[in-house]
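S.K.: no FASTA, just this:
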């Protein structure tokens, strides 16, 4: 039985299965690569993530591409 405000115990398991079956992390990387290729010089990219693993992947990708060692600012 779940408490109000908590998700069911199986929710994370099914999320993990969905991520694996859909190869979501590879697709995220491919999408970032495609977006980078489509941007004009000086262009800007906005990315919305829904959980911490995606957020970390996007931050690392952008950090590698920017050549910056500074921490990414999620609100910039």
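M.R.: That came through fine. Since this is a predicted model, take the numbers as computed values, not measurements.
S.K.: pull out the buried positions in the helix or strand encompassing residue 28.
M.R.: Using DSSP states H and E, residue 28 sits within helix 24-38. Using 16 or more other C-beta atoms under 10 Å as the test for burial, helix 24-38 gives 28, 32. (Glycine included, C-beta is placed from N, CA and C.)
S.K.: for it, packing partners?
M.R.: helix 52-66 (3 or more C-beta pairs under 8 Å, 6 or more residues apart in numbering; DSSP states H and E).
S.K.: and the spatially most central residue of the chain, how far is that from residue 32?
M.R.: The centroid of the chain falls nearest to residue 54 when counting by C-alpha atoms, centre = their mean (2.5 Å). According to C-beta to C-beta, to the nearest Å, residue 54 stands 11 Å off from residue 32.
S.K.: likewise for residue 14?
M.R.: Where residue 32 is concerned, residue 14 sits at a distance of 25 Å (C-beta to C-beta).
S.K.: ok, residue 7 next?
M.R.: Taken as C-beta to C-beta, the span from residue 7 to residue 32 is 28 Å.
S.K.: mind listing what the residue nearest to the centre of the chain touches?
M.R.: By C-beta atoms under 8 Å, 6 or more residues apart in numbering, residue 54 lies in contact with 25, 28.
S.K.: make 847 the starting number, not 1.
M.R.: Got it, the first residue is 847 from now on, which makes the last one we talked about residue 900.
S.K.: from residue 888, how far out is it?
M.R.: 26 Å.
S.K.: and residue 876, by the same measure?
M.R.: 23 Å.
S.K.: ditto for residue 863
M.R.: Counting by C-beta to C-beta - residue 863 and residue 888 are separated by 41 Å.
S.K.: repeat for residue 899
M.R.: 30 Å.
S.K.: please state the offset of stretch 877-885 from the chain centre?
M.R.: 14 Å (C-alpha atoms, centre = their mean, to the nearest Å).
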